[in-house]
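>>> take this sequence and fold it.
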Amino acid sequence: GLVLYGSSADDSIHALQATTGERVWTYTTGGPIRFAPHLAGEHCYFASDDGYVYCVTTKTGQEVWRYRAALDDRRLLANGRLTSRWPCRSGVLVQDGVVYVSAGMWPSEGVYLHALDARSGQPLWCNDTSCYDYVEYPHAPSASFGGPAPQGYLLQGNGVLVVPTGRCAPAGYDSQTGKLLYFWANSPNRGGTWATLAHDAIFVSAVAWQPDQPVRLGESQPHRADSVAALALRTGKEEWGYTAAVKAITDEQQLPRWRSQIGHGIYGRQRVLFAGPRFYALGNGKVDAFEL
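Just a heads-up that it's a prediction; the model follows:
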């Protein structure tokens, strides 16, 4: 009977009566909460830009435990707000009694991926080394030490913890040990802060490079040059490219080529839905149905 939401405006989790909208409880952290809380059993789990992950009781908001996912308590100003040097920008994922959470956005500062016991908050494992590989980035020959920069809701399937990384392709970790399985740093256009798991594939957006666009504040609008890419869950490699089936059905093929055109995936679509043996790709005011 409650509605729970996090706020980046007042750094708090709020619980409201679903029928009346009256406030039942509020729990305030030390920084903006940018992701929805995860409800599991009688508990509510969430993470904050203050570098901590929290567990409270869903009915009363009483703290059960908190855990510092950041390296330490050092703070800095970001977007006019005090935040940890290692903010939690992936929310939390609770599955099979385990809480997964990340801390850190910039590989050069250190990125920490944690698995915690959901009941006690005690650490099960921590990966603090995945951001120190020598990797190749887009626009060769650019290469340097780096790695995944978590931004976006975590996902888990078949033993793989999927970590979205902003404009890059998602990284995959072993959910039992925390070992980095793959990270495709040189993945031009593939990726984003959202991902969908289905049939051992990771579906992500593939955002076209759009030259000569006016500056805008906030999320950019979908563009006809965008597409949806599918990556293999176990390897992170592209599952299927720009196939004949896609070419045959998408009207956008007949339009003049945009110079940032993406030549793979489901052309001209931005999101996917799944139902049985089919999936539906949506975008540009259209919906296409494909066989998985």
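>>> can you pull out the helices in the chain?
244-249 (DSSP state H).
>>> can you list contacts of the top strand by length along it?
Looking across the chain with DSSP state E, the single longest strand is strand 190-198. For strand 190-198, contacts defined as Cβ atoms under 8 Å, 6 or more residues apart in numbering pick out 151-153, 155, 157, 162, 164-170, 184, 202-207, 229, 231, 233, 238, 265, 272, 274, 279, 292. Every C-beta, even on glycine, is put in place using the N, C-alpha and C of the backbone.
>>> now the buried members of those residues.
151-153, 155, 157, 162, 164-165, 167-170, 184, 202-207, 229, 231, 233, 238, 265, 272, 279 (16 or more other Cβ atoms under 10 Å).
>>> partners of the closest residue to E63 other than its chain neighbours in the sheet?
Of all residues not flanking E63 in the chain, V56 sits nearest, at 5.3 Å (Cβ to Cβ, 6 or more residues apart in numbering). With beta bridges defined as DSSP bridges, V56 has these partners: C44, E63.
>>> what about V56, neighbour count?
Neighbour count for V56, taken as other Cβ atoms under 10 Å: 22.
>>> before we move on, what about the one 5 residues further on?
For G61, the count of nearby residues is 17 (other Cβ under 10 Å).
>>> sorry, back to before: how close does the residue nearest to E63 sit to L124?
Look at V56 and L124: by Cβ to Cβ, to the nearest Å, they are 20 Å apart.
>>> low pLDDT regions in the stretch 51-200 of the chain?
Along the stretch 51-200 of the chain, no part satisfies pLDDT under 70.
>>> hey, what's the nearest residue to R271 once chain neighbours are set aside bridged with?
Spatial nearest neighbour of R271, excluding adjacent residues (Cβ to Cβ, 6+ apart): L282 at 4.9 Å. Taking DSSP bridges as the rule, L282 bridges to R271, V287.
>>> rewinding a little: what sits against the residue nearest to E63?
Applying Cβ under 8 Å, 6+ apart, we find V56 in contact with I13, Y27, H43, C44, Q62, E63, V64.
>>> any of those buried? List them.
By 16+ other Cβ under 10 Å, the contacts of V56 give I13, Y27, H43, C44, V64 as buried.
>>> next one: stretch 154-168 to chain centre, how far?
Relative to its chain's centre, stretch 154-168 lies at 7 Å (Cα atoms, centre = their mean, to the nearest Å).
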